[in-house]
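attaching a predicted model along with its sequence, questions to come.
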Amino acid sequence: MMNRQGRPSTPGDASSGAVDTVLGHRGLDHEEALIFEQGQAGRSGVDLPDVPAMASRLGSLGRKGPIGLPGLSEPQVVRHYVRLSRRNYAIDMGLYPLGSCTMKHNPRLNEKLARLPGFADLHPLAPLSTTQGAVEVMGVLAHWLKVLTGMPAVALTPKAGAHGELCGIMAIRAAHVARGEGETRKRILVPESAHGTNPATAAYCGFTVDPVPATADGRVDLAALKAKLGPDVAAIMLTNPNTCGLFERDIREIADAVHGVGGYFYCDGANFNAIVGRVRPGDLGVDAMHINLHKTFSTPHGGGGPGAGPVVLSAALAPFAPLPWVVEKDGRFELVEDDKGQSFGRMAAFNGQMGMFSRALAYMMSHGADGLAQAASDAVLSANYIQARLSDVMTASFEGPCMHEALFDDRFLKDTGVTTLDFAKAMIDEGYHPMTMYFPLVVHGAMLIEPTESESKESLDEFIAVMRRLAEAAKAGEVERFTGAPHYAPRRRLDETLAARKPVLRWTPPAPAKAAE
Amino acid sequence: MRYLPLTGDDRAEMLAAIGAPSVDDLFRDVPEAARLSAPVDLPYHLGEFEVEQAIGAMAAKSRHSGVMASFLGAGAYRHHIPAAVDHLIQRSEFLTSYTPYQPEIAQGTLQYLFEFQTQVALLTGMEVANASMYDGSTACAEAVEMARRITGRHRVVLSGNLHPHYAEVIHTLAALHGTEVVSKPAAPAGEGDLAGDVDGETACIVVQYPDVFGHVRDFTALARAAQAAGALLIVAVTEVVALGALVPPGAMGADIVVGEGQGLGVGLQYGGPYLGLFAARAKFVRQMPGRLCGETVDATGRRGFVLTLSTREQHIRREKATSNICTNSGLCSLAFTIHLSLLGEAGLVKLAALNHARAVTLADALAGVPGVEVLNDTFFNEFTLRLPKAAAPVVESLLARGILGGVPGARLWPGDPAADNLLIVAATETNSEAEIAAFAKTLAEVLA
């Protein structure tokens, strides 16, 4: 097989001339010591004015000893982080097919606008008359979210998806308490395919988690669900499209059944990107749904956060929303921080993830109502294209169209000696971040692929070609290619067992060398 | 649409490969009544220039701190952020990467998290720290939950001088579990000894350092008293720069230290995203919430880093997890760790000293204003004034003269008349001596 430059691409070529380098660097791949292993006492990368002498007001609590931080100049610090950055995969480098994570392009306009001082240089407790620009962004964002979801209210405070789940379940709990049913409704139904945050949230809020099984076609078993309903059910937490990448066809019937016993329908909105602009959750009977602005509305994932998880609420739950909230009065937006009503309280200091609000609004306004629907369409089309082009060499878990992500399992690897993990690590050698693996739990050796709308057809075709070749290689017995992978990453496979058995969670200074005897 | 690469021809070819007549057909599992036939009632797409104009016009409606002298604190502090910080966090490889679940191609993120955890542990004087929480307030509430799990007790004592937002977040979560929360009354002139409030049923006592009014107190005796009763001492730090000047909470015997890391690298951002710091004694590590990064080796014996002890976390443990947290404040922790690396030991110590000096200058200047009483004997870069009249209108008058003159008590304790005349005032390295002099002069005019 020849690569793009017309050179042979047989594995092993690149390493055939491997040499040990003096410092361990390999061309552009630099080994980089910890910041604590660099630097000199007294050096700093920041110049500050001289400190005028005056009597301390720290009482007896002035720091007695050194902190233990290293001292580096600015060029050293810049080089450190640039070198580290080059050891990361990123959306800006290539397709990032993490199912359920929606790794789409992050427009740089959004970064620029979030840094406008009218948003970024505002103190959260500044007089409200000085923060109108930020509050207006919150108000306009809230309007877009309500229209897109067909829901009457939105709580902006939650700081990430799981925090949004907490918000929604607390609102549901408060509504039950207000009806005098707080003590009796103690059970929340959660499908087996749910994100781990769903059962964790329900349990965190003091509810019993009751799992609902899936049918053979990857959806909630409606009959089993109905059998579990009763007057002690507080809510169902359901992801739709679900984590198998499938739309829950019985969604209305599920919502009606839960409502029929006095429960609420919490929808996990992690997969909203599949339907934004085309389907409104409010039309599906949803009472509360968080929206991951860092998924659907493209605020950067940033290596694990920050996110933002606004929660849209039905009229029944809106009165219980957390403080603060934004109201519009005569064309002006106001922030309400204090309320004597039914709000369940405050779930974080200050006003939510402003820096994410401005980015998400820029994304929404750039796409518009038409572009958002097109993005959802392209995301679903791309996932179906991958599913169609790979189904003869890999094993799709379910028949029929998927939504924004395609789910495969490991049946095609049976008896090859290659696991889903091995397969994923081999993708790294091919220049890709692996797909989500071993999730959802309802299929064996799951591989969940979400291409998003950000990929060109050429990019999708390259990815498909690589996946096909890998599937064929696994079946052809090229086992080492997988079990030894990754070969070409900055690190080979890391020993996670060792890390957990003997946790080393911070750097500690090396013990002083013993004096020579 | 500039962000969507697929062309009409691409879409047609892809549909042909799928064997579907249309994209609409791929949505056939959606109940027909719920499928929208036209775009929702919102504006259509816009070019970059038009979006920039529209959102820029909104930003222009704010009067931000940069155009006025700002003395606002009370949980968020305006510090200068070196240009290198914002440049480096916008490197694509940091900005557009996911949680480092594939460690072989995420060593950049993992190594800085390991360094971040080390920095937080050193600053707080604790043995271990996690890879961040949403913000200081949620970290504080999670610390209370952790103390409940460790002690198996359900009574929590909150210092009256804990930031009221932090206390509210604790109350909100405590309500879920039937936890009894004892909130002491706010003590603007300094809080008395809390040791008597800890009993054999107490899971933890939560104090702030420096406290919300700015007082700096030694909690060594309180830590001993709490631990003697089988309770934990949780110390919350809302201004992390203070730890460059103060004895770390770990040295006083704190069991858990939480903090707001916003002061380094993150900026004001109208309240978020911020950075929750979370540090504890090593023996409690398996009860900690959030992600932890640990050192290990790869298959060839080279040092590397991975997320570890994830059997505490929701994606493994589901309903038995220590918290439901998933996404944290990754990029904010990067900004924090870069800023702190730039400062280094000498830089942080000097920055803290400079903050303290500015606050001392400010306190002395304001103490000279007729009718104004400074309530603090001790403080770091923030203290509390008692004015001869309600503070909120005074703040508005100062604003009319171009000064953000502090956070009035009524903003934090609405409806509490005892707070009406209080003004919490902070000074940082961004406040010049000239600004400080002008503030004192203007306050005198406003109060006259």
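Perfect, I can see it now. If you're wondering where the values come from, they're calculated on a predicted model, not measured in any experiment.

wait, B:Ala143 sits on B:Val237?
No - if you go by CB atoms under 8 Å, B:Ala143 and B:Val237 don't touch, sitting 11.8 Å apart. To be clear about C-beta, it is placed using only N, CA and C from the backbone, and glycine gets the same treatment.

which neighbours do these two share?
Counting by CB atoms under 8 Å, 6 or more residues apart in numbering or on different chains, the common neighbours of B:Ala143 and B:Val237 are B:Val258.

which stretch of helix or strand covers the spatially closest residue to A:Ala214 that is not a sequence neighbour?
Residue nearest to A:Ala214 in three dimensions, not counting chain neighbours: A:Val442, with 5.0 Å by CB to CB, 6 or more residues apart in numbering or on different chains. Under DSSP states H and E, no helix or strand contains A:Val442.

who's in contact with A:Val442?
Counting by CB under 8 Å, 6+ apart, A:Val442 makes contact with A:192-193, A:214, A:218, A:244.

please repeat the previous calculation with a cut-off of 6 Å.
Neighbouring residues of A:Val442 by CB atoms under 6 Å, 6 or more residues apart in numbering or on different chains: A:192-193, A:214.

quick one: which of those residues is nearest A:Pro300?
The closest of these to A:Pro300 turns out to be A:Ser193 (CB to CB; 27.4 Å).

so the closest one touches A:Pro440, yeah?
Yes - with contact defined as CB atoms under 6 Å, A:Ser193 counts as touching A:Pro440 (4.2 Å).

just the strands in the stretch 201-350 of chain B please.
Under the criterion DSSP state E, counting those that start in this stretch, the stretch 201-350 of chain B contains strands at B:202-208, B:232-237, B:256-260, B:276-280, B:292-297, B:303-308.

what comes up buried for stretch B:436-446?
The neighbour-count check on stretch B:436-446 (16 or more other CB atoms under 10 Å in any protein chain shown) flags B:436, B:438-440, B:442-444, B:446 as buried.

got the contact list for that stretch?
B:361-362, B:365-366, B:369, B:394, B:397, B:401, B:403.

what is the mean pLDDT for it?
Averaged across stretch B:436-446, the pLDDT comes to 98.

then stretch B:81-88?
Averaged across stretch B:81-88, pLDDT comes to 98.

is it anywhere near chain A?
Yes - against chain A, stretch B:81-88 shows contacts by CB under 6 Å from any CB of the partner chain at B:82, B:84, B:88.

of those residues - the most surrounded one?
Among these, the one with the most neighbours (other CB atoms under 10 Å in any protein chain shown) is B:Leu88, at 26 neighbours.

state whether that one is indeed within a strand.
No - per DSSP: H, G, I helix; E, B strand; the rest coil, B:Leu88 lies outside any strand segment and is helix.

contact partners for it?
By CB under 6 Å, 6+ apart, the residues touching B:Leu88 are A:81, B:338.

and the helix or strand hosting B:Glu93, how far from the chain's centre?
B:Glu93 belongs to helix B:92-95 when assigned by DSSP H and E. Mean-position distance between helix B:92-95 and its chain equals 22 Å (CA atoms, centre = their mean, to the nearest Å).

now that helix - C-alpha only, PDB.
Extracted C-alpha coordinates of helix B:92-95, given in PDB (Å, rounded to 0.1, in the frame of the first residue of the first chain):
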ATOM      1  CA  SER B  92      -5.400  24.200  19.200                       C
ATOM      2  CA  GLU B  93      -4.000  21.200  20.900                       C
ATOM      3  CA  PHE B  94      -5.200  22.500  24.300                       C
ATOM      4  CA  LEU B  95      -8.300  24.400  23.300                       C
END
